[in-house]
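Participant: Have a look at this fold, sequence not included:
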């Protein structure tokens, strides 16, 4: 009996391991040297990599068969959250499972691209207008339920993952143009229906100094941290913005500001290059996928990952509104790491079960 062959994509796995190690280094400093927080993050990363390796062994054909069921379970749990979800800090996002709590919205980051890849690939590409309509409804429904929690950051990511699958399926250029015109025309109406805090987040993007102790505080402190890092950074464990508690959410949404202050422009560019490599490798897996389902799923997951780190870094740098999107793997969190690693496991499954020579 020969040795067991683990089906993993080594370039992607090594990049993820490097990112995981980097996250532990940064989180230890961002949490003010809190060993418990760092150990907790380490355990979650271990569980995440275990999930990744386990999912990578599953054949894409099985992923295709379970796709609608994952989406259905995720949709059911979102409805359950609206009815009986736990409330924390004014948001109703969690369901309890004994002593554990988890966010069902995270499941939809996988469930929606899985279901749309399954549905669209079965009807031939490019999809018909009817299938496009059904896919749009399937995308908008969970996104609206997540936004109602409210969790606008996750709602954005879920909607983006669905739209990316639709785009990769071959949307007509005319439909894309109509959609862009419709969004532009509806902007004044949407603005009128926004809450005050949502409008303030957008206005802060253009003038954070207008309310430096209110809506602009996060952005101003984040940019101070990035700017004070200079070219080489202040050095590990020397983030004054985080350690003196000027920077809110320094272990979660704004952890990249801590990284930038301690490692400077050089560290920022290297981190962006690492994230870019992971996204690029994922897109390459999608490009070489052998069937429509695998290609749509891999492309949707790859572009969803890209949007998540792009939005977080843009938010921290003050070029995008603050929407509460964590930095993949680096921000402290539980469910998000497990779903992210499950997604990478699907990518590795698609790559390693190909029937031709691996690239």
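Facilitator: Perfect, I can see it now. Note that this is a predicted model, so its numbers are computed, not measured.

Participant: The residue nearest the centre of the chain and residue 212: what is the separation?
Facilitator: For the chain, the residue nearest the mean C-alpha position is residue 308 (4.0 Å; C-alpha atoms, centre = their mean). Distance, residue 308 to residue 212, by C-beta to C-beta, to the nearest Å: 28 Å. For glycine as for every other residue, the C-beta is placed from the backbone atoms N, C-alpha and C.

Participant: again with residue 340
Facilitator: On the measure of C-beta to C-beta, residue 340 and residue 212 end up 34 Å apart.

Participant: the more surrounded of the two?
Facilitator: Comparing residue 340 with residue 212 by other C-beta atoms under 10 Å, the one with more neighbours is residue 340, at 25 against 13.

Participant: wait, what's in contact with that one?
Facilitator: Residue 340 makes contact with 48, 109, 305, 328, 329 under the criterion C-beta atoms under 8 Å, 6 or more residues apart in numbering.

Participant: quick one: terminal-to-terminal distance for stretch 189-201?
Facilitator: 17 Å (C-alpha to C-alpha, to the nearest Å).

Participant: now that stretch, how far from the centre of its chain.
Facilitator: 24 Å (C-alpha atoms, centre = their mean, to the nearest Å).

Participant: which of the residues in that stretch are buried?
Facilitator: 198, 200, 201 (16 or more other C-beta atoms under 10 Å).

Participant: does the nearest residue to residue 34 once chain neighbours are set aside belong to a helix or a strand, and which?
Facilitator: Leaving aside its sequence neighbours, residue 34 sits nearest to residue 28 (C-beta to C-beta, 6 or more residues apart in numbering; 7.6 Å). Assigned by DSSP states H and E, residue 28 falls within helix 10-30.

Participant: so who does the closest residue to residue 172 other than its chain neighbours touch?
Facilitator: Once flanking residues are discounted, residue 172 sits nearest to residue 126: 7.1 Å by C-beta to C-beta, 6+ apart. Neighbour list for residue 126: 169, 170, 171, 172 [criterion: C-beta under 8 Å, 6+ apart].

Participant: Pull the number of nearby residues for the nearest residue to residue 26 once chain neighbours are set aside.
Facilitator: Leaving aside its chain neighbours, residue 26 sits nearest to residue 259 (4.9 Å; criterion: C-beta to C-beta, 6+ apart). Neighbours of residue 259 under the rule other C-beta under 10 Å: 30.

Participant: Can you classify residue 259 by secondary structure?
Facilitator: Here residue 259 is recorded as helix under DSSP: H, G, I helix; E, B strand; the rest coil.

Participant: Hmm, residue 267 and it touching each other?
Facilitator: Yes. With contact defined as C-beta atoms under 8 Å, residue 259 reaches residue 267; the gap is 6.3 Å.

Participant: got the contacts of residue 340 as JSON lines, with pLDDT, neighbour count and distance to residue 223 columns?
Facilitator: Putting the contacts of residue 340 into JSON lines (pLDDT from 0 to 100; neighbours: other C-beta atoms under 10 Å; distance: C-beta to C-beta, whole Å) gives the following:
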{"residue": "48", "pLDDT": "95", "neighbour count": "23", "distance to residue 223": "31"}
{"residue": "109", "pLDDT": "94", "neighbour count": "29", "distance to residue 223": "29"}
{"residue": "305", "pLDDT": "96", "neighbour count": "24", "distance to residue 223": "25"}
{"residue": "328", "pLDDT": "94", "neighbour count": "25", "distance to residue 223": "22"}
{"residue": "329", "pLDDT": "93", "neighbour count": "24", "distance to residue 223": "23"}
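
Participant: so which of those comes closest to residue 314?
Facilitator: For the contacts of residue 340, the minimum distance to residue 314 (C-beta to C-beta) is 13.8 Å, reached by residue 328.

Participant: quick one: the closest one from residue 217, how far?
Facilitator: Counting by C-beta to C-beta - residue 328 and residue 217 are separated by 25 Å.

Participant: just residue 250 next, same as before
Facilitator: Residue 250 is 13 Å from residue 217, by C-beta to C-beta.

Participant: What of residue 71?
Facilitator: 38 Å.

Participant: can you point me to the longest strand in this structure?
Facilitator: As assigned by DSSP state E, the longest strand anywhere in the chain is strand 91-97.

Participant: And the average pLDDT for it is what?
Facilitator: For strand 91-97, mean pLDDT rounds to 72.

Participant: likewise stretch 160-175?
Facilitator: Mean predicted confidence for stretch 160-175 is 90.

Participant: Same check on stretch 149-157?
Facilitator: 87.

Participant: How about stretch 5-17?
Facilitator: The model assigns stretch 5-17 a mean pLDDT of 92.

Participant: Buried residues of it, list them for me.
Facilitator: 8, 9, 12, 13, 15, 16.

Participant: Hmm, residue 277 and the fifth one touching each other?
Facilitator: Yes. Under the criterion of C-beta under 8 Å, residue 15 lies in contact with residue 277, with a separation of 5.5 Å.

Participant: which stretches of the stretch 101-250 of the chain have low pLDDT?
Facilitator: Along the stretch 101-250 of the chain, the model assigns pLDDT under 70 to residues 193-195.
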